[in-house]
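Asks: sequence below, structure please.
(one chain, ligands or ions: 1)
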Amino acid sequence: MRVTVIGAGTMGSGIAEVFALNNHEVLLSDVSNDILNNGRKKIEASLEKFKEKGRIKSVEDVLEKISMNTDINAQESDLYIEAVLERIDVKRDVLSRIRSDAIIATNTSSISITYLSKFVRNPEKFIGMHFFNPPPIMSLIEIVRGNSTSDETTKKIVEISRSLGKTPVEVNDFPGFVSNRVLMAMLREAIIAYEENVASAEGIDTVMKLGMNHPMGPLELSDFIGLDVVYDIMNVLYNDTGSERFKPPITLRNLVYAGKLGRKTGEGFYKYK
Ligand code: CAA
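Replies: Numbering: from 1, shown residues only. So this is what the prediction gives:
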């Protein structure tokens, strides 16, 4: 199958890698060659890990499956996956530029699929396909139908998800779906506990890791997801529901304004290196 992935950030490059690992021909597209090269470096680093484990024989063979181009229509694909910033204006621009009648899936983590379907040519062929970070490791794909998504499109995406070795779960088009509705409420509460000095950042994370068996504590996980992404998702949830339980905490806002976005910038709730 030929797949176009638009957005070469953490999620887009990881999604491109998942398809390439499963022998699909991937076009990875983003606005600049610098961003595409960074995406390639992330994919290479991840493939190196798989090679060390003996899961793949050659990094180059998988990389060869991925071509890169700033033109999102450079390859005629059977599936297009949008994985750009979590901003409606950016998504609208990208979705409306896809010149194909193939299925288009969005990796949005919080924006309504029905709303985004206004920007594509065939709303019945538009669906949410929500991967988790890091995409090559995490086995869930949250499948979200919009108001117009057809049964055929849903069936196809469920099948593709299974063929990638992932577990698809169908959820309805509610703010944050299941994953971020539950996750953001937890991350927000942890950030407020930190603001109120209930415990140190390490203390809060250790409680959740050792007491709840979470692989990462909530503050460490926020840094891992990217504080700008967490902030954007909370804003969508807060605007769409009007509920205080998703109101982005000031500490989070200030870290984002200061450019301290977590692991990717070297500082967030923690300092890296
Ligand atoms: N590519 C390939 N392999 C990778 C990898 C990558 N990108 N990242 C980690 N690995 C491998 C490691 O090599 C290691 O393999 P072995 O066990 O065989 O040695 C294994 O995965 C575990 O990695 P590490 O030992 O480096 O570190 P870890 O044990 O802390 O695991 C982790 C890393 C898998 C990320 C784990 O910490 C984890 O599961 N964290 C929580 C992740 C999570 O919750 N993700 C969802 C975020 S929310 C989201 O994405 C959706 C949204 O809308 C916001």
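
Asks: can you report how many residues neighbour the residue of the stretch 51-200 of the chain found nearest the ligand?
Replies: For the stretch 51-200 of the chain, the residue closest to the ligand is residue 109, as judged by Cβ to the nearest ligand atom, at 3.0 Å. All C-beta spots, glycine's among them, are computed from the backbone N, C-alpha and C. Residue 109: 27 surrounding residues under other Cβ atoms under 10 Å.

Asks: list the contacts for it?
Replies: Shown in contact with residue 109 (Cβ atoms under 8 Å, 6 or more residues apart in numbering): 86, 130, 176, 177, 179, 180, 229, 233.

Asks: which ones among those residues also lie next to the ligand?
Replies: Applying Cβ under 6 Å from any ligand atom to these, one finds that 179, 180 fall near the ligand.

Asks: widest-spaced pair of the contacts of residue 109?
Replies: Using Cβ to Cβ, these span at most 15.0 Å, a distance reached by 177 and 229.

Asks: before we move on, the earlier item: mind listing which of the contacts of residue 109 are in helices?
Replies: Here DSSP state H is the test, and the contacts of residue 109 give 179, 180, 229, 233 as lying in helices.

Asks: quick check: residue 59 touching residue 46?
Replies: No: using Cβ atoms under 8 Å, residue 59 makes no contact with residue 46, being 9.5 Å away.

Asks: settle it for me: which of these two has more neighbours?
Replies: residue 46 (21 against 17).

Asks: what pLDDT does that one get?
Replies: pLDDT, residue 46: 98.

Asks: let's verify it: helix, strand, or coil?
Replies: Under DSSP: H, G, I helix; E, B strand; the rest coil, residue 46 falls in the helix class.

Asks: quick one: it from residue 135, how far?
Replies: When distance is defined by Cβ to Cβ, to the nearest Å, residue 46 is 9 Å away from residue 135.
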